[in-house]
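# Take this sequence and fold it.
(one chain, ligands or ions: 3)
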Amino acid sequence: MHDASWALAPDGTNPEIVAWVEQLAHLFTPDTVVWCDGSQRERDELNRKMVAQGTLVQLNPELRPYSFLARSHPADVARVESRTFICSEHEADAGPSNNWIAPDEMRATLGGLADGAMRGRTMYVLPFSMGPLDSPLSRFGVQVTDSPYVAVSTGIMTRLGAEALQRITPGTDWVRAVHTVGAPLAPGEVDVAWPSNETKYISHFPESREIWSYGSAYGGNALLAKKAFALRIASAMARDEGWLAEHMLLLKVTNPRGRVFHVAAAFPSACGKTNLAMLRPSIPGWEVETVGDDIAWLAPDAWGRLKAINPEAGFFGVAPGTGASTNQTAVDTLWGNTVFTNVALTDEGDVWWEGLTDTPPSHLTDWQGESWTPSADRPAAHPNSRFTVAAAQCPTMSDDWEDPAGVTIDAIIFGGRRATNVPLVVEARDWDHGVYLGATISSERTAAAEGTIGELRRDPFAMAPFCGYNMADHWQHWLNVGDQLRRSGRVPRIFQVNWFRKDDDGSFLWPGFSENSRVLAWILDRVNGAAPAVAGPLGWTPTADSLPLDGLELPDGAIDKLFAVDATAWTAELDDTERFFAGFGDRVPAKLKRQLAIAREHIAVVAEREQHDASGAAPAAA
Ligand SMILES: Nc1nc2c(ncn2[C@@H]2O[C@H](COP(=O)(O)OP(=O)(O)OP(=O)(O)O)[C@@H](O)[C@H]2O)c(=O)[nH]1
Ligand SMILES: O=C([O-])CC(=O)C(=O)O
Ligand SMILES: [Mn+2]
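Numbers count the residues shown, from 1 in each chain. Ligands and ions are numbered 1, 2, ... in the order given. As a prediction, the model looks like this:
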């Protein structure tokens, strides 16, 4: 038996956790079990082992102190949505936007795969808190994993260790997260740098608050505290308990008169959350600070204010496109103590990726470990290459980012990556219209998940891959939260933005990044009652001079194009929305169907006007 060499649980550990770990150890039969305490000594030891094993390359400490590069298996580079399952008791509770397998069937499959799956490896036990240790909004979890990469990454991304473990006393709820790379080692078998399995299952049991992930070590599939817990399981907890778990960044913004606002914004994966969270305003007098870059937990408080925390402690950010001209704050954050995955390596032992600098170094080692020069016809870094770094290292973290009470949300923004149709910014007419805007987000696919890049897909609330229950029920839940906030008169205003609208030649019409501060300023001036707007077919949009554009050079006609509403294109869009809603059957809230009908009325008016204008022009042509 292994028991003699298994590390004992720390004194005083909740016996429920001990029993669960023992049961898993008997099933997975690792060589050893290590209870992680989150200490620096432990992290050093894990990193040292991974360097010896070839999983990590240590970067040149003079250029990038205490930082490492991991190269994943080439088939384990992004979230696998086709292998992600919501195993609720009833299929209808997972809904049409999730893959569903009955829990018993999934348990049987996983039980078979788990048998002996950690042979030859160490099972790490990771106790953690999502959210500040003593916040009433925080929740606990324990993950077991046989991947030291996952153990180290979880140490960066969560509040992991002894302090969290002590707080998970008997009777305290905690989420059970089980992870294996699915690559047991035969006696004497030499390990590979990035063990994984072709077969992958990312499975969630929302009713019992359990996660089982098999076969992948990539972040979104394996760092279960993040998407699996903080979004999929937490969204189901939130529905039951009256709060919201969302794929949102959180910002603190101070206007030139010193008034402070907090903003939550949902954009689909790789559509600009981290960038907006670290925005450096291009307009004078405005200050933007970071609270979170990917996930927000929001809850109405006793006074009916919407409070929010960032449940994470780190950033797992997209590397490509992150550079001095786009996100200098991220570049500054990554000075050291960072784990990079699938970026390129310079000959000096530092990292590089497309967009870090304008011109690439003359020679690199690419993300797969091959020699690379600028004449190569492939990128040096994988398009979904990532950095993992502690949030505390970010120079723009706000003073309230760990406030156990959370921050009070003044405005909510929904966005997507849309080359056409969706204007630069529009304000919802009211909360219900805002929920409709969130529910109908569509966005071009990115490299953050498998699939064809650029293809348009619906990504309601930027939660399509992350909602642990029926998406239509999520919409109803948002409407309910709105009712609750309305009673207290503190309803955050809701906006939609699109940084990605393109001109006919395919170039972006809006410069984005720092210049997005202009849109933020308009949004918060609206909240403050200081910016005029016009009632348009899609909602409230800026008047000709209320969007602060001073000092910005835009191509001719860009603003008109950024706000243009084409009746034909919008009719097609609304037809598509109707089909999209139909997929959810009678679970679609009546209020959202009503919003769709209102949208159709507004577009019909635009169509009439277009026709009128066209016929008005006709006599001249005749
Ligand atoms: N054109 C343009 N590109 C942007 C803008 N903001 C971000 N991007 C690019 O979009 C990509 C993804 O940006 P991120 O901020 O990392 O996206 P994210 O939403 O945090 O992504 P996840 O971590 O996958 O959830 C990067 O390549 C950015 O350079 C913008 O305002 N305009
Ligand atoms: O979960 C991941 O792999 C990375 C991420 O933030 C996303 O895809 O939204
Ligand atoms: Mn994300």
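# Next up, the contacts around Gly54.
Gly54 makes contact with Ala193, according to C-beta atoms under 8 Å, 6 or more residues apart in numbering. To be clear about C-beta, it is placed using only N, CA and C from the backbone, and glycine gets the same treatment.
# What distance do you get for it to Thr338?
Using C-beta to C-beta, to the nearest Å, Gly54 is found at 19 Å from Thr338.
# Buried residues of the longest helix along the chain, list them for me.
Longest helix of the chain, by residue count under DSSP state H: helix 590-621. For helix 590-621, burial by neighbour count (16 or more other C-beta atoms under 10 Å) applies to 591-592, 595-596, 599-600, 602-603, 606-607.
# What segments of the stretch 451-600 of the chain are helices?
471-488, 516-527, 558-563, 567-582, 590-621 (DSSP state H, counting those that start in this stretch).
# Give the rounded mean pLDDT of the last one.
This means helix 590-621. Helix 590-621 carries an average pLDDT of 88.
# And it, what does it pack against?
Counting contacts by 3 or more C-beta pairs under 8 Å, 6 or more residues apart in numbering; DSSP states H and E, helix 590-621 is packed against helix 431-439, helix 471-488, helix 567-582.
# neighbours around the residue of the chain found nearest ligand 3, how many?
As assessed by C-beta to the ion, ligand 3 sits closest to Asp294 within the chain, at 4.3 Å. As a burial measure, Asp294 scores 25 neighbours (other C-beta atoms under 10 Å).
# one step back: orientation of the longest helix of the chain relative to helix 471-488 in degrees?
Relative orientation of helix 590-621 versus helix 471-488 (axes from the mean of the first three to the mean of the last three C-alpha atoms, to 10 degrees): 100 degrees.
# How about the contacts made by the residue in the stretch 301-450 of the chain positioned nearest to ligand 1?
Nearest residue of the stretch 301-450 of the chain to ligand 1 (C-beta to the nearest ligand atom) works out as Gly321 at 2.4 Å. Gly321 makes contact with 354-355 under the criterion C-beta under 8 Å, 6+ apart.
# re the thing from before, tell me how far the longest helix of the chain is from the chain's mean position?
36 Å (C-alpha atoms, centre = their mean, to the nearest Å).
# again with stretch 407-418
The answer for stretch 407-418 is 13 Å, by C-alpha atoms, centre = their mean.
# could you dump it to PDB, C-alpha only?
Provided in PDB are the C-alpha atoms of stretch 407-418 (Å, rounded to 0.1, in the frame of the first residue of the first chain):
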ATOM      1  CA  VAL A 407     -17.200  47.600  -4.800                       C
ATOM      2  CA  THR A 408     -20.500  49.300  -5.700                       C
ATOM      3  CA  ILE A 409     -21.300  48.900  -9.400                       C
ATOM      4  CA  ASP A 410     -22.500  52.100 -11.200                       C
ATOM      5  CA  ALA A 411     -22.500  50.800 -14.800                       C
ATOM      6  CA  ILE A 412     -22.500  47.500 -16.600                       C
ATOM      7  CA  ILE A 413     -21.100  47.100 -20.200                       C
ATOM      8  CA  PHE A 414     -21.700  44.300 -22.700                       C
ATOM      9  CA  GLY A 415     -19.500  44.000 -25.700                       C
ATOM     10  CA  GLY A 416     -18.400  41.700 -28.500                       C
ATOM     11  CA  ARG A 417     -16.200  41.600 -31.500                       C
ATOM     12  CA  ARG A 418     -18.300  42.700 -34.400                       C
END
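# residues in contact with Thr446?
268-271, 384, 417, 453.
# For Gly171, state which of those residues is nearest.
Taking C-beta to C-beta as the measure, Ser269 is the one of the contacts of Thr446 closest to Gly171, at 36.2 Å.
# Look up how far Asn98 lies from that closest one.
Distance from Ser269 to Asn98, by C-beta to C-beta: 16 Å.
# I'd guessed Met237 sits against Leu137; true?
No - applying C-beta atoms under 8 Å as the test, Met237 and Leu137 come out as separate, 11.5 Å apart.
# For stretch 419-439, list every residue counted as buried.
419, 421-439.
# and what of stretch 284-297?
286-297.
# And stretch 473-488, by the same measure?
473-479, 481-482, 485.
# who touches the closest residue in space to Ala380 that isn't next to it in sequence in this structure?
Spatially, and ignoring its direct neighbours in sequence, Ala380 is nearest to Ala344 (3.7 Å; C-beta to C-beta, 6 or more residues apart in numbering). By C-beta under 8 Å, 6+ apart, Ala344 lies in contact with 351-353, 364-367, 372, 380-381.
# What's opposite Ala344 in the beta bridge?
Trp352 (DSSP bridges).
# begin at 16 from here
That works, and once the first residue is 16, the last one we named lands at Ala359.
# Could you double-check that Lys215 lies in contact with Trp227?
No - checked against C-beta under 8 Å, the pair Lys215 and Trp227 is beyond contact range at 11.4 Å.
# which residues are common contacts for those two?
Counting by C-beta under 8 Å, 6+ apart, nothing touches both Lys215 and Trp227.
# Which parts of the stretch 416-565 of the chain are strands?
Secondary structure of the stretch 416-565 of the chain (DSSP state E, counting those that start in this stretch): strands at 422-423, 426-430, 440-442, 457-459, 471-473, 508-512, 548-551, 554-557.
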